[in-house]
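Peer 1: Here's my sequence, what's the structure:
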Amino acid sequence: MIQYIQSKLERLSGRDVIPKAVSLFLAITLWAYVSNSKMGELKFKIPVSYEHLPANMMVSFISHKTITATVQGKNEYLKNIHFKNIKATVDLKNPEIGKTRKYLVHMVKKGFPENIKVSFNRKMVDITVEMIIYKKIRVIPKIFGNVKKDFFVGKITVEPEFILAEGPQSMIDGMQSVFTSDISIAAAEDNIIKDVDLNVKDYKGVSFSEPNVRVTIPIIKYGNLYRLEVPIVFKNTAGGFTYQLSEPAVKVYVKSTDKRRLMVDDIEAFVDFSKVNMKNLFKNKKSAVRKFPVKILFKSKDITADVISTAPENVQVSILKK
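Peer 2: Residues are numbered from 1 along each chain as shown. Just a heads-up that it's a prediction; the model follows:
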């Protein structure tokens, strides 16, 4: 077409201006008409969206997050077409829970001329719908490295120790804990207190009530503390049962500011049964085995000392109905 216009101009050279202008205008109009009359094609990547999905459910898998939309029509009409004019939706009003199945993709068009043709490269996608559940899980700090010589690591604490995990049932059911990001204690000789992110890269589709936790790692010099082996006793037990410990005593590491050295008789180590529902524990059975935390108390309020750590922190108790 450009060559055609040039040839027109060459033929009109030396003639009057008005005929030249008219001829040029006609040539351009003809070129624009021919161009706009040509058929064209556009391709868009369209995200697949969901409709009517119940609030207590979620999509845990989809085979294709986007599909290709092909738009065909005259070039003059295609100029105003945008990917936002097309939607690909899946109706999940009555999904099949926990199974992967094929769902029809519906096309929604907005602002399209009637003579524009739109088609998707696929009509179905595979989707898995699951129930959303919540679970309380423990946060475990991930420690690496070794402290400086003549020092050791005390009882590590995490705040909060437990958080809520929310996500698809297939993943949440198997979760008991989540690790923090790596924390180095290499050559440490002072207490470490820091906010640490959770390591959640392997838990896609799961959200957590806390993005990070505060981890406190006591770094203690051996010369400032001593160890006592304290017998474990039971408190608030129910009648009609016998109780047996997996560990008869607990090692208690104590840092004292008293002038005198603490003795075993100054400390009480016990397992508390006050919050145990024995009726539920022994439903349709005569024996039970359960882990309990070991609690430590100083017998006198006048004792000024700190319990640095205990080993073990939890003991297993076998309970038998008489």
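Peer 1: which residues of the stretch 201-322 of the chain fall in helices?
Peer 2: Shown for the stretch 201-322 of the chain, the helices assigned by DSSP state H, counting those that start in this stretch span residues 278-281.
Peer 1: For it, give me the ranges with low pLDDT.
Peer 2: 223-224, 257-259 (pLDDT under 70).
Peer 1: Bridging across strands, which residues link to Ser49?
Peer 2: Beta-bridge partners recorded for Ser49 (DSSP bridges): Thr89.
Peer 1: so it touches Ile86, yeah?
Peer 2: No - with contact defined as Cβ atoms under 8 Å, Ser49 does not reach Ile86; the gap is 11.3 Å. The way it works is simple: take the backbone N, C-alpha and C, and place the C-beta from them, glycine included.
Peer 1: Neighbour count for these two, which is higher?
Peer 2: Using other Cβ atoms under 10 Å, the more surrounded residue of Ser49 and Ile86 is Ile86, with 19 against 13.
Peer 1: what's the burial count for the closest residue to the more buried one other than its chain neighbours?
Peer 2: Using Cβ to Cβ, 6 or more residues apart in numbering and skipping the chain neighbours, the partner closest in space to Ile86 is Ala69 (5.1 Å). Around Ala69 there are 21 other residues, counting by other Cβ under 10 Å.
Peer 1: Same question for Pro293.
Peer 2: Burial of Pro293 is recorded as 12 neighbouring residues (other Cβ under 10 Å).
Peer 1: Next: Ile81.
Peer 2: Every residue meeting other Cβ under 10 Å relative to Ile81 is counted, giving 20.
Peer 1: That one: what's it in contact with?
Peer 2: With contacts defined as Cβ atoms under 8 Å, 6 or more residues apart in numbering, Ile81 is in contact with 42, 71, 112, 116.
Peer 1: dump the residue contacts of the closest residue to the third one other than its chain neighbours.
Peer 2: Meaning Phe112. Of all residues not flanking Phe112 in the chain, Asn85 sits nearest, at 6.3 Å (Cβ to Cβ, 6+ apart). Remark: with contacts taken as Cβ under 8 Å, 6+ apart, Asn85 is in contact with 109-112.
Peer 1: Quick one: name whatever helix or strand follows the longest strand anywhere in the chain.
Peer 2: The longest strand of the chain (DSSP state E) is strand 124-144. Proceeding N to C from strand 124-144, the next assigned helix or strand is strand 151-153, under DSSP states H and E.
Peer 1: Surely Ser170 forms part of a strand?
Peer 2: No - counting by DSSP: H, G, I helix; E, B strand; the rest coil, Ser170 is not found in a strand; it is helix.
Peer 1: Ile97 is in contact with that one, correct?
Peer 2: No - counting by Cβ under 8 Å, Ile97 is not a contact partner of Ser170; they are 10.7 Å apart.
Peer 1: quick one, which of the two is more surrounded?
Peer 2: Neighbours per residue (other Cβ under 10 Å) separate Ser170 from Ile97, with Ser170 holding more: 15 against 11.
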